[in-house]
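Novice: With the input below, show me the fold.
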Amino acid sequence: MTTNPKRAEQPPTHLATAIRASAGAFCLVFLYSCGYNLFLLAPSIYLLQIYDRVLSSRSLDTLIMLTLIIAAAVVVGSLLDIVRRAALSRIGSWLDHRLRPVVLTACFEYGARTDAGLANEGYRDLSTLRQFLDSPAASLLFDIPWAPVFLLLLFLVDPVLGTIGLVSAIALLLLAVLTEFSTRQPLAQANATLARSQMRFANALRYIQVIRAMNMQNGAAQLVYRDAETARHAQDDAMHRSEIVLGLSKSVRMLAQILMMGAATWLVLEESGNPGIIFVSSLLLGRGLAPVEGAIGAWRAVAFACTAFNRLNRLLIAVASQANRRTVPMHEASGLLLDGVGYVLASDNRQILSGVSMRLVPGDCVALIGPSGSGKSTLGRIIAGVQPATSGCALLGGVDISALPFFGGTRHVGYLPQDIELIGGAIKDVIGRLDGTDFGKVVQAAKLVGLHESIIRLPRGYDTDVGDGGALLLRAERQQLGLARAVYGNPALVVLDDPNSSLDYEGERRLFTAIARMRSLRMMVVVITHRMGILPITNKIAIMRNGTIEAFGDSDHIFDTYLQPPARTGS
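Specialist: So this is what the prediction gives:
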C-alpha cells in the first residue's frame, strides 16, 4: 500500500487550543451582546409609543408605565454591557495565565535557535492580546454584526431612509480603509526606528562607563536622539493623516443625521405619517453607524491584535516542529562526536568553521588552542549547544547537542562563556541554575570548584546577593561562580571558554584541581585557552587554525610534535 508523502498535519498550538477552550465563553459574550443591542432599541420604541398611545390618549398612567418599562430595559442593557466587558477581561486573564509559561519557554527556545528579537516580540504579543480583550475594541467586534440589523430596520420604516443609512455606512467604511492605508507606512517606520532607538539607548547604558571614559556621551546621545526624532516625525505624520480622516468621518456622520431627519420629516409631511419616525430614524441611524464609526478608531487595535496572534502562533508552531522531530534516546557513555562540523556566519556568508571532526569519551579533557580568529570560541558554543552548526553534526550521547534542551540539557551540559552573566540574585540561585530544588547539588558544585569554604565565610552564606548579573563581584569571582554553575549537577560535558583569563596563581591552582575532579567524575571537559600552562592537566590537545583542526591527539604527542620550540644549534 502506497502512502502520499505529504507532511503530517501540524497539531494545534497551545494558543489555538486555548482559544478553542474559551469558545464557550466567547459565545456567552455574544449572547450578552445580542441582549445589549436589542435593548438599544428601547428609546426608539419609547418615542413611537409616545406618539401612538400617550399623545393620542393623553393618559398620564400610560406615560408613567411606559417610562418605567423603558427605563428598566435601558438599565438591563447597561448591565449586559458591563457583564460582557467583564467577561472579555476574564477571558483575557485566563488566556494569559494559561499561556504565559508556555510562551515564555517557547520564546527562550526560539530566541536561542533563531532570532532573539522576534522572540521578544512574541512575548510582548501575549500581552497585546490580553490588552486587546480588555479594551473597548474587543466588545466593538460583537456590535459590528448588529449594524446591518439597525440599517435593515430603517429599510422597514422606509426604503429612502434605509438607502441614506446604507450609503452613510459605506462612506464610513471607505474612510476606515483609507485610515489603514494612509497610516500603515508611517506607523511601521515609527515602530522600527523607535525600537532601534530603545535598543541603542539600552546598549549605551550597559557600557556607560566605557562611553564616559572615552568621552562618547554626546555621540551616543546623538545616535539615540536621531532615531527618536525619526520615529516622532513618522508618528506625527500618521497622527495628522488619522486626524484628517477622523474629521471627515465626523462630517459624514453629521451630514447623514441631517439628511435622515430631513428625509423623515419630508415623509411625514407627504404621507401624513407618525411624527415619531423623525426621531426613531435618527436613533436607528446612530445605532447603525456607531459600530462602523467606532471601527475607524479601533481598526489599529484590531490589526495589532491579529498581527500579534498570527506572529505568536507561528512562533509556537516553529518551536513545536523543532521539538517534535527529536525522539532519539540519549546514551551518555558514547561520548562526544563532532563529524564535519561547519559554521557559516549568516550576516556576510563568511565561513568560520569547516570540516571539524573530533571524538571524546567520558573522562577526556581536551584543550582547544590556536591563534585568535581561528574559530575556537565558535566551536565551543556549538559544542555547548549555544548555537547550532550549519553543516555536519555535533552529537552528545548520540543526540544532536542542539536538541539537548528537549532531554534536560541543563543536566547534560555545563558552559562557562568568556562574557559571564550570572543570572539570579543569591549565590545558591546562581550556582543552581535558577532551579534551587536540590541545595545539596549546589554545595557539591561549590566544593568541586573549591568555593564552598569561601562562601560559608560570608555573612549570609549561600543566600548572599551578588547583584544583577554579578555586578557586586570582581571578574575573577564571577568566573569562579560561573565555573560552579557549569558543573552543577555533574553534567556529562563541560565547556570552559578561557576559564583562567582573570585568575591569579591561587585561582589557577583551584581551576586545575577542579578540572582533575571533573575528569575523575567521568565528565568530558573542553577547555578553550590561550595559556599553555593549562595543557599539563589535559589528556588531549586540538590545534585550530583558519576554522579547522590542524592537529588532534594525545597531549604529549601533540605538545612534542607541534608545540615544542625548535632546538638551538651551535654557531
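Novice: alpha carbons only for contacts and neighbour counts from here, please
Specialist: OK.
Novice: and the protein, what are its domains?
Specialist: Following automatic domain parsing, one gets these domains for the chain: 14-324, 332-563.
Novice: Dump those domains into TSV; add mean pLDDT as well.
Specialist: Below are the domains of the chain laid out as TSV (pLDDT from 0 to 100):
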stretch	mean pLDDT
domain 14-324	82
domain 332-563	83
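Novice: Adding mean neighbour count, write these out as JSON lines.
Specialist: Converted to JSON lines, those look like this (neighbours: other Cα atoms under 10 Å):
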{"stretch": "domain 14-324", "mean neighbour count": "17"}
{"stretch": "domain 332-563", "mean neighbour count": "19"}
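Novice: and the gap between residue 51 and residue 38?
Specialist: Distance of residue 51 to residue 38, given as Cα to Cα, to the nearest Å: 21 Å.
Novice: And residue 541, by the same measure?
Specialist: With Cα to Cα as the criterion, residue 541 and residue 38 are 81 Å apart.
Novice: One more: residue 545?
Specialist: In terms of Cα to Cα, residue 545 sits 78 Å off from residue 38.
Novice: And for residue 79?
Specialist: Counting by Cα to Cα, the gap from residue 79 to residue 38 is 13 Å.
Novice: Equivalent analysis for residue 16, please.
Specialist: 32 Å.
Novice: same thing with residue 135?
Specialist: Applying Cα to Cα to residue 135 and residue 38 gives a distance of 22 Å.
Novice: same question, residue 397
Specialist: With Cα to Cα as the criterion, residue 397 and residue 38 are 67 Å apart.
Novice: List the residues that contact residue 108.
Specialist: residue 119 (Cα atoms under 8 Å, 6 or more residues apart in numbering).
Novice: what are the ranges of the strands in the protein?
Specialist: Counting by DSSP state E, one finds strands in the chain at the ranges 336-345, 350-360, 365-369, 391-396, 399-400, 413-416, 493-497, 524-528, 540-545, 548-554.
Novice: which non-adjacent residue is nearest residue 291?
Specialist: In space, and not counting its chain neighbours, residue 291 is closest to residue 144: 5.2 Å by Cα to Cα, 6 or more residues apart in numbering.
Novice: got a list of what the spatially closest residue to residue 198 that is not a sequence neighbour touches?
Specialist: Nearest non-adjacent residue to residue 198, counting by Cα to Cα, 6+ apart: residue 224, 7.4 Å away. By Cα under 8 Å, 6+ apart, the contact set of residue 224 is 197-198, 200-201.
Novice: Next: residue 293.
Specialist: Listed by Cα under 8 Å, 6+ apart, the contact set of residue 293 reads 172-173, 176, 249.
Novice: Next step: those residues restricted to helices.
Specialist: Residues of these located in helices (DSSP state H): 172-173, 176, 249.
Novice: Turn these into TSV, columns for distance to residue 11.
Specialist: Shown next, in TSV, are the ones in helices among the contacts of residue 293 (distance: Cα to Cα, whole Å):
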residue	distance to residue 11
172	40
173	37
176	36
249	44
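Novice: out of those, which one sits closest to residue 305?
Specialist: residue 176 (16.9 Å; Cα to Cα).
Novice: thought the closest one was touching residue 298?
Specialist: No. At 9.4 Å, residue 176 does not count as touching residue 298 under the criterion of Cα atoms under 8 Å.
Novice: Would you quantify the distance from residue 214 to residue 59?
Specialist: 89 Å.
Novice: same question but for residue 496, I mixed them up
Specialist: Separation of residue 496 from residue 59 (Cα to Cα) stands at 94 Å.
Novice: Dump stretch 441-448 to PDB, restricted to CA.
Specialist: The C-alpha coordinates for stretch 441-448 follow below in PDB (Å, rounded to 0.1, in the frame of the first residue of the first chain):
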ATOM      1  CA  LYS A 441      23.900  19.700  44.500                       C
ATOM      2  CA  VAL A 442      24.600  23.400  44.900                       C
ATOM      3  CA  VAL A 443      27.000  22.700  47.700                       C
ATOM      4  CA  GLN A 444      28.500  19.800  45.800                       C
ATOM      5  CA  ALA A 445      29.200  22.000  42.800                       C
ATOM      6  CA  ALA A 446      30.800  24.700  45.000                       C
ATOM      7  CA  LYS A 447      33.000  22.100  46.700                       C
ATOM      8  CA  LEU A 448      34.100  20.700  43.400                       C
END
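Novice: And that stretch, how far out from the chain middle?
Specialist: Relative to the centre of its chain, stretch 441-448 is centred 34 Å away, using Cα atoms, centre = their mean, to the nearest Å.
Novice: Show me what it is in contact with.
Specialist: 428, 431-432, 436, 452-453, 484-485, 487-490, 514, 517-518.
Novice: just the helices in the stretch 1-150 of the chain please.
Specialist: 14-21, 23-39, 42-49, 55-57, 60-113, 116-134, 136-143, 147-157 (DSSP state H, counting those that start in this stretch).
Novice: which ones are touching the nearest residue to residue 130 once chain neighbours are set aside?
Specialist: Of all residues beyond its chain neighbours, the one nearest residue 130 is residue 92 (4.8 Å), with distances taken as Cα to Cα, 6+ apart. By Cα under 8 Å, 6+ apart, residue 92 lies in contact with 129-131, 133-134.
Novice: Export these as CSV, with columns for distance to residue 209.
Specialist: Below are the contacts of residue 92 laid out as CSV (distance: Cα to Cα, whole Å):
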residue, distance to residue 209
129, 39
130, 39
131, 38
133, 43
134, 42
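Novice: from the residues you listed, which two are the most distant?
Specialist: Longest distance between any two of the contacts of residue 92 is 8.8 Å, between 129 and 134; criterion Cα to Cα.
Novice: right, and residue 462 touches residue 456 too?
Specialist: Yes. Judged on Cα under 8 Å, residue 462 makes contact with residue 456 at a distance of 6.9 Å.
Novice: got a list of contacts for stretch 402-421?
Specialist: Contacts for stretch 402-421 (Cα under 8 Å, 6+ apart): 323, 326, 330, 382, 384-388, 469-470, 478-479, 482-483, 485-499.
Novice: go on, stretch 515-528?
Specialist: 335, 360-369, 376-377, 380, 448, 490-499, 537.
Novice: Can you give me the end-to-end span of stretch 441-458?
Specialist: With Cα to Cα as the measure, stretch 441-458 spans 19 Å from end to end.
Novice: ok, residue 360 - contacts?
Specialist: Residues counted as contacts of residue 360 (Cα under 8 Å, 6+ apart) are 335-337, 524.
Novice: 6 Å - rerun?
Specialist: Applying Cα atoms under 6 Å, 6 or more residues apart in numbering to residue 360 gives the contacts 335-336.
Novice: One more: the one 10 residues further on?
Specialist: Contact criterion Cα under 6 Å, 6+ apart gives 543-544 as the residues in contact with residue 370.
Novice: Could you measure from it over to residue 78?
Specialist: For residue 370, the distance to residue 78 - Cα to Cα - is 75 Å.
Novice: again with residue 431
Specialist: From residue 431 across to residue 78, the span is 56 Å (Cα to Cα).
Novice: ditto for residue 292
Specialist: Taking Cα to Cα, one finds residue 292 at 20 Å from residue 78.
Novice: next one: residue 385
Specialist: From residue 385 to residue 78 the distance is 57 Å (Cα to Cα).
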